[in-house]
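Student: please work out how this folds:
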Amino acid sequence: MYNRGLFYPWVPKPLQLVLILIMTIPVLSINGIYSGNIGDMYSSLGILAEDLTMANYAATIGMMAVFPLIMKTKQRFKAKHLMLTSFISAIFLSYVSATTHEPSILILCNFLLGGLKMFAMIEVIIPVMSIISPSGDRGMFYCVFYPFSIVMGQLSGYFTVHLAYLYNWQYVYYFAIAALLLCTLLTLIFVHDSYASKPVPLYRFDWLSMVILCSGLMLLNYFLSYGRMLDWFHSVNIQGALIGFVVLLIWFIQRQMTIKRPYLALDVFKKKNVYSALFFIALMGIFMGSGNIQSAFLGILKYSPITNSQLNLFMGVGAVLAGLIAFIWFKKKWSIKGLIFLGFSGFILYHVLFYFLFSPIVDIEYFVLPIVLKGFGLTMLYISIGIYLADKLAMSSMLSASAVLVLFRSFIGPAMWGAFFSTELYQGTFAHTAAIVQRMDALDPSSASRINQAVQGSLAQGRSLELAQSMGTQSMWGAVQVQATLAAGKEIYGYIIIGGGLILFYTLMHRFRPVDLRKLVNFRRKIRGQQVIKREEEMMAAAVV
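Tutor: Next comes the predicted model:
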């Protein structure tokens with residue numbers, strides 16, 4: 001007896017919809033690291049921010065690792081067992097993440113959590129897809145699912161920041177555990193205990209390739225996360241991590257090309273739409289990697305994490321707008337090129353507006369439109385590039401392509417460009433500091449005025465002259481640091497805008513569809529004044545041949 005649904009037949013349809021929604025929200029929101037609480041975590045635990053960065057990217061590597069295994073396990077095990085295993089494992093890993101003080105354990109927990117939650121995610125996403133698009137139209141599904149997931153991500157971030165502010169950052173994990181316990185209870189009661197199809201034995205899966213790839217990617221994760229702190233290639237650890245990654249990557253590719261049942265079907269990456277989509281995703285990482293500069297800028301403005309989370313809520317507005325436009329676009333059957341162009345344009349406009357906002361004092365309402373554009377560009381590119389990659393791919397090829405797409409979209413692109421921009425911001429701040437200090441002297445009115453104000457204020461509070469002069473110097477040095485950071489950040493944003501213009505030009509020139517030779521021939525015949533060949537005549541000619 002097989003049941004292709006998710007719930008028992010006796011569960012009413014309206015209740016099934018409610019259960020799907022209740023389970024989907026925690027599955028999309030649960031993480032090992034909540035970005036809004038990173039500052040509280042590393043200051044409380046006494047660890048490096050780079051440790052949490054590596055842990056965050058480790059979750060993406062774990063998600064990517066199980067993609068080739070998802071359909072095999074779905075055909076081998078019952079949905080109830082997969083979901084229970086996923087939820088219970090997430091409860092345990094969330095508890096460990098909340099209580100451990102060891103960065104290595106936190107990184108391992110995030111890696112496992114990213115992979116294990118995928119088994120529950122695929123079980124809830126398939127019914128959601130059938131609800132949103134019964135005909136299996138990927139375009140309609142993406143237009144609803146991606147805006148929904150981004151909105152839920154921002155709402156989750158807003159809620160977790162408030163929870164950490166009111167209580168402690170550990171309470172975010174405890175609340176997640178409570179939500180997962182509810183999902184576990186609902187699974188025990190309502191999810192059916194039957195196979196979805198005839199069970200297929202789980203054998204001859206290439207576990208060694210999974211270990212090789214995950215090991216190589218974790219070395220790359222270490223390289224990108226700790227590179228700036230360890231001064232890149234001046235560190236033996238960084239050199240060893242990069243060499244290890246290259247060796248394991250070559251070994252992995254060679255193994256996939258020689259074994260009978262490869263872990264990833266590399267042939268799919270010969271298709272133009274696949275490698276072109278991955279290239280566009282890598283370009284998208286340029287705009288996502290600038291998030292570190294935005295965080296540094298908002299830190300200069302002294303915005304609290306709660307204020308930042310409130311600003312990020314406006315990304316949801318842009319996400320919904322992108323979903324509506326994409327839905328209409330697909331209904332009109334317009335070219336995918338236009339959607340990708342709009343997505344990159346949204347990101348560029350976000351950087352243009354931020355470029356003109358770099359100042360020590362900015363009202364918060366000026367950030368609303370840029371954040372909306374950021375959410376618009378992010379969602380539009382998620383939808384359009386996902387559709388472009390999935391064009392005419394079989395399910396087996398789709399899983400391999402999607403695994404690498406997730407890897408580039410959520411790890412390699414943002415991590416690589418984020419590390420590059422962080423290094424440039426660090427070096428640029430030093431360069432601009434030196435340039436500002438060289439122009440300062442005792443005769444500079446602005447410098448003398450700032451120092452005198454700080455000295456007079458300290459003297460008025462009863463401090464000694466020596467201490468007052470020291471505080472005046474510190475005040476001046478803080479102002480120099482702020483100006484240098486703003487100048488370096490603005491410079492990087494300028495280069496991103498120029499690069500964005502080149503990306504738009506490349507998008508316009510890129511051929512997303514094969515050339516229609518019939519139209520080309522007819523265009524040439526029109527120029528020569530000859531009769532245009534009709535479609536029926538072409539078909540008859542082909543039949544004769």
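
Student: domain parsing for the protein?
Tutor: 1-203, 206-262, 274-514, 516-545 (automatic domain parsing).

Student: for Val268, find the nearest of these.
Tutor: domain 274-514 (4.2 Å; CB to CB). (Glycine included, C-beta is placed from N, CA and C.)

Student: just how off-centre is stretch 340-354 within its chain?
Tutor: 17 Å (CA atoms, centre = their mean, to the nearest Å).

Student: scratch that, stretch 9-16 is what I was asking about
Tutor: 35 Å.

Student: stretch 504-519 - what's its average pLDDT?
Tutor: For stretch 504-519, the mean per-residue pLDDT is 73.

Student: meant to ask about stretch 412-423, not that
Tutor: Rounded mean pLDDT across stretch 412-423 is 90.

Student: what are the buried residues along it?
Tutor: By neighbour count on 16 or more other CB atoms under 10 Å, the buried set for stretch 412-423 is Ile412, Gly413, Pro414, Ala415, Met416, Trp417, Gly418, Ala419, Phe420, Phe421, Ser422.

Student: export these to CSV and tack on distance to Tyr146 and secondary structure?
Tutor: CSV is the format used below for those (distance: CB to CB, whole Å; DSSP: H, G, I helix; E, B strand; the rest coil):
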residue, distance to Tyr146, secondary structure
Ile412, 20, helix
Gly413, 17, helix
Pro414, 17, helix
Ala415, 21, helix
Met416, 23, helix
Trp417, 21, helix
Gly418, 22, helix
Ala419, 26, helix
Phe420, 27, helix
Phe421, 25, helix
Ser422, 27, helix
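
Student: which of the residues you listed sits closest to Leu93?
Tutor: Of the buried residues of stretch 412-423, the one sitting nearest to Leu93 (CB to CB) turns out to be Ala415, at 21.9 Å.

Student: now do the contacts for the closest one.
Tutor: When contacts are counted by CB atoms under 8 Å, 6 or more residues apart in numbering, Ala415 touches Tyr57, Asn221, Leu224, Ser225, Gly289.

Student: give me the element Ile306 is part of.
Tutor: helix 305-312 (DSSP states H and E).

Student: just after that helix, pick out the following helix or strand.
Tutor: By DSSP H and E, the next helix or strand past helix 305-312 is helix 314-332.

Student: right, and the helix or strand after that following helix?
Tutor: Tracing the chain C-terminally past helix 314-332 and defining elements by DSSP H and E, one meets helix 336-355 next.

Student: quick check: angle from the helix or strand following that next one to helix 305-312?
Tutor: Once helix 336-355 ends, the next helix or strand along the chain (criterion: DSSP H and E) is helix 368-390. Taking axes from the mean of the first three to the mean of the last three CA atoms, to 10 degrees, one finds that helix 368-390 is oriented at 60 degrees with respect to helix 305-312.

Student: what's helix 368-390 packed up against?
Tutor: Under the contact criterion of 3 or more CB pairs under 8 Å, 6 or more residues apart in numbering; DSSP states H and E, helix 368-390 touches helix 138-166, helix 272-288, helix 305-312, helix 314-332, helix 336-355, helix 395-407.

Student: for these, which one sits closest to Lys78?
Tutor: helix 395-407 (20.5 Å).

Student: for the contacts of Ala415, work out which two are farthest apart.
Tutor: Farthest pair in the contacts of Ala415 (CB to CB) is Asn221 and Gly289. Separation: 14.9 Å.

Student: show me which of those two is the more surrounded one.
Tutor: Using other CB atoms under 10 Å as the criterion, Asn221 and Gly289 rank with Asn221 on top: 25 against 21.

Student: report the contact partners of the residue nearest to the more buried one when sequence neighbours are not counted.
Tutor: Excluding the flanking residues, the one nearest Asn221 by CB to CB, 6 or more residues apart in numbering is Tyr57, at 5.0 Å. With contacts defined as CB under 8 Å, 6+ apart, Tyr57 is in contact with Asn221, Leu224, Ser225, Ser410, Phe411, Ala415.

Student: geometric centre of the chain: which residue is closest?
Tutor: Ser410 (3.7 Å; CA atoms, centre = their mean).

Student: and the average pLDDT for stretch 431-440 is what?
Tutor: 75.

Student: can you check stretch 89-109 too?
Tutor: Across stretch 89-109, pLDDT averages out at 91.

Student: cool, and stretch 239-252?
Tutor: Mean predicted confidence for stretch 239-252 is 94.
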